[in-house]
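A.B. asks: Attaching a predicted model along with its sequence, questions to come.
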Amino acid sequence: MTDLPTSCLRLTLDAHALIEQWIGQPDAPDPVLADLLSRFAPGFTMITTDGQRLAGNALPALFASLRGARTDLKIDIDEMAVRHADGVSVLLSYRERHTWRTGATQRRATVLFTAGADGQPQWAHLHETWA
């Protein structure tokens, strides 16, 4: 059985692969968004790169509006580090680089994963800053 920190590292990479597909492809299939959203805890919160607070109930509309917004988006994740882990939560940090046809951005993120009712980790909180 995989330990919680290792699962969370994998979930971080997997979620960004889905985000890359959803935002980078105008014809991304609807199940991509459903799969992505299923990874977030019901009470998910986020601090965006510009300091706005975003509640989890805003995620479906936010992601729906971004389908295909950055054609050929590529997301690279590195500098992943487990900052804290216990039996029910993991705090990770990482650097995220986005490149697409007409631009590029870079940000640093800290994410808190908590175990859901089924014991599987879910994204509980995310804080991003421009790097």
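C.D. replies: Done, it's in. The structure presented is a predicted model; accordingly, all values stated were derived computationally and were not measured.

A.B. asks: got the residue ranges for the helices in the chain?
C.D. replies: 4-24, 30-37, 59-65 (DSSP state H).

A.B. asks: Summarise which helices and strands the second one is packed against.
C.D. replies: I take that to be helix 30-37. helix 4-24, helix 59-65 (3 or more Cβ pairs under 8 Å, 6 or more residues apart in numbering; DSSP states H and E). C-beta coordinates here come from the backbone N, C-alpha and C atoms, glycine included.

A.B. asks: any idea which of these is most buried?
C.D. replies: Highest mean neighbour count of the helices and strands packed on helix 30-37: helix 4-24, a mean of 18 (counted as mean count of other Cβ atoms under 10 Å).

A.B. asks: Relative to Pro60, how far out is the residue lying closest to Gly68 once chain neighbours are set aside?
C.D. replies: Sequence neighbours aside, Pro26 is the residue nearest to Gly68 in space, at 3.0 Å (criterion: Cβ to Cβ, 6 or more residues apart in numbering). Counting by Cβ to Cβ, to the nearest Å, the gap from Pro26 to Pro60 is 19 Å.

A.B. asks: Check Gln21 too.
C.D. replies: Distance from Gln21 to Pro60, by Cβ to Cβ: 17 Å.

A.B. asks: Repeat that for Thr49.
C.D. replies: From Thr49 to Pro60 the distance is 20 Å (Cβ to Cβ).

A.B. asks: roughly how far apart are Val111 and Ala124?
C.D. replies: Val111 is 8 Å from Ala124, by Cβ to Cβ.
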